[in-house]
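> Model the structure of this input:
(chains A, B, C and D, ligands or ions: 6)
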Amino acid sequence: MSVQVLNPSGNGNPLTAKDYATDQDVRWCPGCGDYSILKQVQTVLPTLGIPKEKTVFVSGIGCAARYPYYMNTYGMHSIHGRATAVASGLKAARPDLDVWIITGDGDALSIGGNHFIHLLRRNFNVNVLLFNNEIYGLTKGQYSPTSPKGKVTKSMPYGSVDHPFNPIALALGAEGTFVARSMDRDPKHLRDMLLAAHQHKGSSFIDIYQNCNVFNDGAFGLFTDKDTKDDHTLFLEEDKPLVFGKETKGIKLDGFKPIVVSLEENAADECWIHDPKDKIKASILSSFFEYDMNQGALPRPFGIFYKNDRATYEDLLAEQIEEHKKKDNTDLDKLLSGENVWEVK
Amino acid sequence: MSVQVLNPSGNGNPLTAKDYATDQDVRWCPGCGDYSILKQVQTVLPTLGIPKEKTVFVSGIGCAARYPYYMNTYGMHSIHGRATAVASGLKAARPDLDVWIITGDGDALSIGGNHFIHLLRRNFNVNVLLFNNEIYGLTKGQYSPTSPKGKVTKSMPYGSVDHPFNPIALALGAEGTFVARSMDRDPKHLRDMLLAAHQHKGSSFIDIYQNCNVFNDGAFGLFTDKDTKDDHTLFLEEDKPLVFGKETKGIKLDGFKPIVVSLEENAADECWIHDPKDKIKASILSSFFEYDMNQGALPRPFGIFYKNDRATYEDLLAEQIEEHKKKDNTDLDKLLSGENVWEVK
Amino acid sequence: MKEININRSKKEVVILFAGDSGDGIQFTGGQFTETVELFGNDISTFPNFPAEIRAPIGTEAGVSGFQLKFGSVEVFTPGDQYDVLVVMNAAALKVNLHNLRPGGVIVANTSGFDSKNLKLAKYIDDENPLTNDSLENYEVHAIDISKLTKEALKDSGLSVKEIDRCKNMFVLGFIYWMFSQSPDNTIKFIQHKFKSKPEIADANIKALKTGYHYGETSETFTSRYEVKPAPLQKGKYRNISGNQATALGMVAAASHNNFELMYASYPITPASDILHELSKHKSFGVKTFQAEDEIAAVCAAIGASFGGSLAITGSSGPGIALKAEAMGLAVMLELPLVVVNVQRGGPSTGLPTKTEQADLLQMLYGRNGEAPMPVFAAASPKDCFDTIYEACRIAIEHMTPVVVLSDGYIANGAEPWRFPTSKDLKTITARRPDENDFLNDKFLPYERDEHEVRPWAVPGIKGLEHRLGGLEKELRTGNVSYNPENHQEMIRIREKKVNDIALDLPDQIIHRGNEGADLLVLGWGSTFGSIERAVKDLIEEGVSVAHIHLRHINPFPKNLESLLKSFKRVIIPEMNRGQLSKLIRERFLIDAISVNKTKGIPFSVEEIKQAILKYQDHVSTSA
Amino acid sequence: MKEININRSKKEVVILFAGDSGDGIQFTGGQFTETVELFGNDISTFPNFPAEIRAPIGTEAGVSGFQLKFGSVEVFTPGDQYDVLVVMNAAALKVNLHNLRPGGVIVANTSGFDSKNLKLAKYIDDENPLTNDSLENYEVHAIDISKLTKEALKDSGLSVKEIDRCKNMFVLGFIYWMFSQSPDNTIKFIQHKFKSKPEIADANIKALKTGYHYGETSETFTSRYEVKPAPLQKGKYRNISGNQATALGMVAAASHNNFELMYASYPITPASDILHELSKHKSFGVKTFQAEDEIAAVCAAIGASFGGSLAITGSSGPGIALKAEAMGLAVMLELPLVVVNVQRGGPSTGLPTKTEQADLLQMLYGRNGEAPMPVFAAASPKDCFDTIYEACRIAIEHMTPVVVLSDGYIANGAEPWRFPTSKDLKTITARRPDENDFLNDKFLPYERDEHEVRPWAVPGIKGLEHRLGGLEKELRTGNVSYNPENHQEMIRIREKKVNDIALDLPDQIIHRGNEGADLLVLGWGSTFGSIERAVKDLIEEGVSVAHIHLRHINPFPKNLESLLKSFKRVIIPEMNRGQLSKLIRERFLIDAISVNKTKGIPFSVEEIKQAILKYQDHVSTSA
Ligand SMILES: Cc1ncc(C[n+]2csc(CCOP(=O)(O)OP(=O)(O)O)c2C)c(N)n1
Ligand SMILES: Cc1ncc(C[n+]2csc(CCOP(=O)(O)OP(=O)(O)O)c2C)c(N)n1
Ligand code: SF4
Ligand code: SF4
Ligand SMILES: [Mg+2]
Ligand SMILES: [Mg+2]
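Ligands and ions are numbered 1, 2, ... in the order given. Take a look at the predicted model:
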């Protein structure tokens, strides 16, 4: 990434989270998970060494997408589903900017699904924060492509018949180079993921579980409620074994099938050791989704599923341009006249 | 599938491939791979026991998409990228029809990428035939989302900087329930795949390598040329070991890494046995793509990568309707009057 | 007890209930509506939601309102200015006071005016408007509703929060008393609604009665009103909103004529409620498809139409823009399709919760090539039913996509509706293939009748196999054709087909006033009520003015030109920059004058009157 | 050797080279063009490709054509009717004969008329038109070109296939001889092109010379022509097609004014060549982005524009339809953006390889809400350069998206262009934020100058951080605002901003004829050549007619109304059903008459003349 690391505030004082807040009233519903995500981003940004004026937030439409209005950086609240496309053009034109995409599950995966997968395959060096509340918030509560089948909402009052996407699996299938999951309710983990996403050069995607307390309250209760969260969340760390349940349980692979083992009977280091470079293992982790309570439930993994390095679109494009600037015609008059000129005298 | 199995011709004579041809001149370039695909479909259809009038071909725009004009069934040549969306509506409305989607790599994966992935997750019972020539044929030769990086075309004369999609991986990531690959140059294999796709209840996706002899001739030469094809193609068969190279070579898994072994030193049945129900193995197979010549090339798999059963969208929708027809109001006058009526006398 | 006179002189009253989104305002307004409807008043209502889902409590952004006008005469709009303003907190007063008529009544919940609320509402220096002189031109009833409710329910066994939620019932009871309405209907409703929670039902009823009795017993009040029943047409009525009427019109068109209904849509304000309403009617075989985007929605509808369904897609401006390409395809395919646009404030994302009529030209012209489509517009909530029903009929009988325009104002607004029975509904008959549609035993999918209508041949029928597509089609066979003459002829036919629909539609009527008047007010869509009322009043005052309201914008009614040319002058009020005006000027070369308003809110009757008087003046002085 | 007179009376000649797609027709036409250009003729060319990529050899669908008109006078169009028709096979004759003028010359390759070819071309009973009497009204030169070429090259060492490929050079040589042109330029070109394959170069040159000598030595010929150089304006010329000119105009606008150019597009006929051309110019820093669809393309352009690039997106009708929503966003954001629509036959997929002008109203109105955009149209291939350059200037200097209309006819057509040098190019200056754009040290992104232009503040600059978006914006601050008055004011401002652009554009000129003539022919876009020629001819014949051609359709030139009103009658020829006509009628209440053609092919000069004479007649008889 060719971001210039300047003294961000320009006057010797480091920036703080406050510098990133605008004077606009934040208008999410009281209690909305979006607040926490806003806060974590505002906390992480000053630590990155990127000047505020080099930072751009681009969003689509949705509750989440109001985000740029609350960030005192450059920003654009574009149209529904297209933030990824807008950001692609911006980043292609301006590789020097630090570009963040804010999107919702409807915005990114329903109307914006195509731009999302194309962004990932092209690997623009941007960060995609998906505020995944498994519902359409702004339009007041229809099901989204991440809502579970059978979900009762205004638009399917007898339950949705749509099989949902698994955002992690989709991102892997679309050639994503950094695929992670986090949640609004774990500020520290979220900050870590934001930092890691930023450090990754290429398209970084974080699926952030976000509670919509008005239209889908408690959708992620299993992973956030005190009583249940330890048994249902698994935090992935590079080179560390997959353990959870307050270190009482671990995951092993039986062939390709992940199984839960008790750490009383198994040593932690015999468990599956997390290697985010392994795409196949990332696939297996992404499929934990499919094991529901009845099938011997697996905990939901949070953290970096997959990460690898691949040249970014904007760098390759810029290289091509540099190369041809050196060897081809750069004189506008020559271009205008072309190769075959005749003169009328 | 609720297709009525009638005597298709209605007069005791079975239909033949000819019955499926229209009186329109086929206007693909001489030598185009599309001809073979047309022929195989016309050969397979009469064997399915589906009346011709219950069969519908829906396409988008592209060379491939001219297809419906050549099929004497019901058909629609819709707009670019939207065949999957049109077919979704058709199938939701008419579960009794046998619906085939004809699309190209640009049509399905570039402009139509979103409808494609949503179709797969919803699992409409349709068959998607992707004519993948790794190029835009109809618009005369720009690179497509399946063209390899570096590909020189009219729209990137110094080589594309786009990392391509792996269609199989994308379909798996999008919750596809039947994911296969075939090619124009192997009629028998193609017919087998068509048959299997048709038999699968749910969205069946076949990535069909198709030679565009005008704008991308020989793109699949490695898999079709006599000299090279044996060493570079691997035909997947359920419960059979992965062997290729005229049965001289096989594939084993070293952990999650597929490696080529000589069958002189290894017994065939020690090789990886193909199980199309295993999604993780399907993922590994899909990633054979990434092993290029330099990395110890793996052959390109053809056949059914993955297949599993899941309820179709149209069935679930129809069930919901049947259920409510039984228990709720079905009287239009009652609906019009609503619950709160008053009378002015 | 003090004697209170009942004032029976009022023919119409406008009330605004306003408070925080959590205050149950919509419910209160809805109950009042039902009661006066049952009593026999005519009524028009308009809910006004905040733009945010749930803006911070107590702020101006969080104010929710329910406006209604009821009367002993025909009611056309929810009213320009309120006679009574009910406010549950300070922000509600701040936002709405400017629309209270001088001398109007304010009913205020004083506990919504504590210093915290005053600060949130951004009153300067937190000064309480109820206690300074700023409201001296109004009749203010400041009541500590929260406290009185708490008092009344202190033995109810409910929690503080639950008790507080009953305060809207206190208000409702009080307003019932004020307008001499019985609370009985609401009591029945509450009993039914909280059947399983009798303690909640009891508390609500108690709060309601307390409010009612407070009116009766309190010493503060001097005025009480009674608005007599309106002389409405005889018949059975129900209340209906525009989006509901639109949805029911679709179900009726399908169910009454044995079509399957497929509604494919992607949620968007203010169109989503059509999807929500339809998704409830599974028992009528209604299939709703929440697509991944608007393009998929319209394409799915096209697919369903090919499959033989009555296929409809709906959205609002930005979503409609996305459907443009596929709408062009539908024009080429000549399949029935209805596209509903519930307009909102634009351009771009614009003002999603506000109303506007600025998509008319988009609907007429927003497609590549010459792609004519009929365009109809609904004039009021209940008119949505008739308009969509007619659109479905035209789509099917003329094999064409049809546009229906509604807008946020009538979509969310409601009024009494003398609903039809199924017997009153027109029969819709598809043009099915017949023996004339064959040439040498080959089916001709683009063979036409005298109005250029081609047959609707649905997959599954043997011998009618055919292929449709977006490339130009050969006459009769529908095969692809690049022939120049054929292309010109097909363009002519598609144009004539749409124009011929005028022959299947009624002549334009004059809604009010007479042919040849000095001034014509020509309207379309949701401006109906304001124009109708303004014209009615001014005719009564002796002004030479008339009102024509267009449902059919493409094609125009056959007699429109001759009608228009009978007036000295035509003015066209629109919530846009003059879109119908452009069409009228271009077509008839009439110097029609555009009267514009683009504030995201409807014209007031007053604004229309002023425009009429201004231009009427021109006519008379120039005459 | 027979004496052959050279006929020097011809001022203009129209030739059509036609043959199978594989016959090298485009190359032949291109070489002839270059040669006569160098010689000093004025010229206009139009290639005509088959709709299929590679239709079966020998069939009508597979015929490729290259039409050109060259002259000693100013040439405006590639011509209505051919003087000379060169056909390589039977299908080429079948498809094109109807456009050969009576008495015209046919040069036919007889081996393309064998029974196989006759059958493929669907000649009835395979009858050879060269040998029956059907062509007796023409001067037919039937030459066995294939055989003569084979003969000439029998010792070349080339394969049969390679030799056969040289037959177009024989034809070219022969036509050079016929028009008294030297083959030298082509010889030089061949030598350069096949530098590395001398045997191929030699064979081609030999075939060329053989064709030339065949003319000189053969006994069959009686006529030979010489068309003198045209008195063109002095200066340096090159040949240019519309799409090329469009691409170069973009590079010039960026490069001359130090902007980075970003062109984001999705391939579509006939716009793709702009993408192809631009993608070659990496050395000018041009970034091209082949997006996944048209929506992504326009959005990426908007992103790039936000980033400070000169951002352009281009497509044709169906793709433009998809951009509508994002174009509305650009209107709201008030960022520079140019949207190029190279129109083709519609509606829907329509006739992708044919031309039409039916997207004008789509460009003006095809967006939700009131979303005004300037719309410019190019009149000829070379005019594409000036039009796009001006559009870029207006977009940047007025902070607005701008539409440029071209069409398949001028996009693929070519003509000589007296190209400018960079010194001739106008400077384009962005309105950058200055000290007046601040309020209490806070940057106001929507502060405006007197023409309502807001500052272009590009990310990376400290202190100018701001947020844009599609919701309605507050005056000056650009914050979200739901305020009704603010919305109305913003709508007014966006409209005025576009209207004010007229002040920055030249007055409309009369291209030919005088103010006050009986009849005005008002045109726009690619009809320029035909109208100009028709009007010129008829003025010379004494008809009172004039020609005005609009580049600026929104806003109209300031003086347009007064100009138009000076004429007794206005007719508007358009390749659509009367779209500009609607705009003129509506705006000026002039009874302008629409002259339509929707055949996917341009107006001929003759058609325009007939329309003029028809309506001129009306004027004179009614006067
Ligand atoms: C083209 C278009 N279609 C539909 C809408 C309406 N709309 C706005 S946001 C939204 C979905 C919001 O869901 P999500 O992206 O999950 O965001 P959330 O509100 O849940 O944060 C929809 C359908 C729109 N603004 N534009
Ligand atoms: C909306 C729209 N955009 C672009 C086009 C132009 N277009 C037609 S086909 C095509 C791509 C064809 O590629 P593919 O889908 O791979 O099909 P193929 O021709 O290779 O069979 C494009 C870009 C169009 N017809 N419509
Ligand atoms: S609706 Fe849900 S997602 Fe939207 S602001 Fe409210 S709580 Fe948050
Ligand atoms: S261009 Fe390619 S894909 Fe298209 S018809 Fe020709 S050979 Fe086939
Ligand atoms: Mg959401
Ligand atoms: Mg292709």
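> any idea of the pLDDT on the closest residue to C:Leu464 other than its chain neighbours?
If the residues on either side of it in the chain are set aside, C:Leu464 comes closest to C:Ala457, at 4.1 Å by CB to CB, 6 or more residues apart in numbering or on different chains. The C-beta positions use only the backbone N, C-alpha and C, and glycine is treated the same way. For C:Ala457, the pLDDT comes out at 98.
> how about C:Ala457, secondary structure?
Assigned by DSSP: H, G, I helix; E, B strand; the rest coil, the conformation of C:Ala457 is coil.
> show me what contacts A:Pro68?
By CB atoms under 8 Å, 6 or more residues apart in numbering or on different chains, A:Pro68 lies in contact with A:57-59, A:75-77, A:102, D:467, D:469.
> In strands, which of these fall?
The members of those that map onto strands under DSSP state E are A:57-59, A:75-77, A:102, D:467, D:469.
> So which of those is the closest to ligand 4?
For the ones in strands among the contacts of A:Pro68, the residue nearest ligand 4 by CB to the nearest ligand atom is A:Val58; the value is 36.7 Å.
> partner residues bridging that closest one?
A:Met76, A:Ile101 (DSSP bridges).
> and the residue nearest to C:Leu464, how many neighbours?
By other CB atoms under 10 Å in any protein chain shown, the residues close to C:Ala457 number 21.
> My read is that it contacts C:Leu468, right?
No. If you go by CB atoms under 8 Å, C:Ala457 and C:Leu468 don't touch, sitting 9.7 Å apart.
> Residues that sit against both of the two, list them.
Residues touching both C:Ala457 and C:Leu468 comprise C:Pro445, with contact defined as CB under 8 Å, 6+ apart.
> Where does pLDDT dip in the chain?
No chain in the question, so chain A it is. A:1-13, A:291-296 (pLDDT under 70).
> I was thinking of chain C, sorry if that wasn't clear
C:1-4, C:219-222, C:618-623.
> what's the longest helix in it?
helix C:198-217 (DSSP state H).
> now swap in chain A and tell me
Chain A, longest helix under DSSP H: helix A:313-327.
> Show me what counts as buried in the next helix or strand after it.
Using DSSP states H and E, the next helix or strand after helix A:313-327 towards the C-terminus is helix A:332-337. Across helix A:332-337, burial judged by 16 or more other CB atoms under 10 Å in any protein chain shown covers A:332, A:335-337.
> can helix A:332-337 be found next to chain B?
No. Judged by CB under 8 Å from any CB of the partner chain, helix A:332-337 stays clear of chain B, getting no closer than 15.4 Å.
> Give me the distance from that helix to the chain's centre.
Counting by CA atoms, centre = their mean, to the nearest Å, helix A:332-337 is centred 45 Å from the centre of its parent chain.
> Can I get it as CSV, trimmed to CA atoms?
Once non-C-alpha atoms are left out, helix A:332-337 reads as follows in CSV (Å, rounded to 0.1, in the frame of the first residue of the first chain):
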residue,chain,number,x,y,z
LEU,A,332,-0.5,14.8,-27.3
ASP,A,333,0.1,16.5,-30.6
LYS,A,334,1.6,13.2,-32.0
LEU,A,335,-1.5,11.4,-30.8
LEU,A,336,-3.8,13.9,-32.4
SER,A,337,-2.1,13.8,-35.7
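> Remind me what the helix or strand following it packs against, helices and strands.
Note on helix A:332-337: by DSSP H and E, the next helix or strand toward the C-terminus is strand A:342-344. Identification of packing neighbours for strand A:342-344 by 3 or more CB pairs under 8 Å, 6 or more residues apart in numbering or on different chains; DSSP states H and E yields strand D:235-241.
> For the strand it packs on, which outside residues touch it?
A:337-338, A:340-344, D:33-34, D:37, D:43, D:45, D:248, D:273, D:381-382, D:385, D:411-419.
> Buried residues, that strand. List them.
Buried, per 16+ other CB under 10 Å, within strand D:235-241: D:236-241.
> show me the contacts for residue 249.
I'll assume chain A. A:231, A:243, A:260-263, A:299.
> Actually, chain C is the one I wanted.
Counting by CB under 8 Å, 6+ apart, C:Gly249 has contacts C:384-389, C:392.
> now swap in A:Gly338 and tell me
D:238, D:240, D:419 are the contacts of A:Gly338 under CB under 8 Å, 6+ apart.
> and the gap between it and D:Val498?
35 Å (CB to CB, to the nearest Å).
> just C:Lys122 next, same as before
According to CB to CB, C:Lys122 stands 36 Å off from D:Val498.
> same thing with C:Leu505?
36 Å.
> With neighbour numbers in mind, choose between the two.
Neighbour totals were compared for C:Leu505 and D:Val498, and D:Val498 leads with 23 against 18 (other CB under 10 Å).
> Phi, psi for A:Gly81 please.
Main-chain torsions, A:Gly81, degrees, to the nearest 10: phi 90, psi -10.
> thought it was touching A:Ser110?
Yes. When contacts are counted by CB under 8 Å, A:Gly81 is listed as touching A:Ser110 (7.3 Å).
> what residues are shared contacts of these two?
Joint contacts of A:Gly81 and A:Ser110 (CB under 8 Å, 6+ apart) are C:Asp293.
> re the thing from before, tell me the one of the contacts of A:Gly338 nearest B:Pro164?
The closest of these to B:Pro164 turns out to be D:Ile240 (CB to CB; 35.0 Å).
> partners of that closest one in the sheet?
So, taking DSSP bridges as the rule, D:Ile240 has D:Glu415 as bridge partners.
> Roughly how far does the most centrally placed residue in chain C sit from C:Val535?
By CA atoms, centre = their mean, chain C has its centre lying nearest to C:Ile410, at 1.3 Å. Separation of C:Ile410 from C:Val535 (CB to CB): 19 Å.
> tell me which element residue 251 falls in.
In the absence of a named chain, chain A is used. Going by DSSP H and E, A:Ile251 is in strand A:249-254.
> that answer is for a different chain, and I need it for chain C
With DSSP H and E as criterion, C:Val251 is part of helix C:242-256.
> about what we covered before: which SSE is immediately downstream of the strand holding A:Ile251?
For strand A:249-254, the succeeding helix or strand toward the C-terminus, using DSSP H and E, is strand A:257-262.
> Stretch C:271-288: how far from the chain's middle?
18 Å.
> Ignore what I typed, I meant stretch C:174-185.
The answer for stretch C:174-185 is 28 Å, by CA atoms, centre = their mean.
> With stretch C:44-57 instead?
16 Å.
> and that stretch with chain A, contact?
Yes. Against chain A, stretch C:44-57 shows contacts by CB under 8 Å from any CB at C:52-57.
> Nearest to ligand 6, out of the residues you listed: which one, please.
For the residues of stretch C:44-57 next to chain A, the minimum distance to ligand 6 (CB to the ion) is 43.8 Å, reached by C:Ile53.
> how about the closest one, secondary structure?
Classified using three-state DSSP, C:Ile53 is coil.
> how many other residues sit next to it?
Residues lying near C:Ile53 (other CB under 10 Å) number 20.
> Repeat that for A:Lys246.
Neighbours around A:Lys246, by other CB under 10 Å: 9.
> residue boundaries of the helices in chain A?
A:34-44, A:83-93, A:105-106, A:113-122, A:167-173, A:187-199, A:221-224, A:226-232, A:279-286, A:313-327, A:332-337.
> Per the annotation, how does chain C divide into domains?
C:5-226, C:238-424, C:435-504, C:519-622 (automatic domain parsing).
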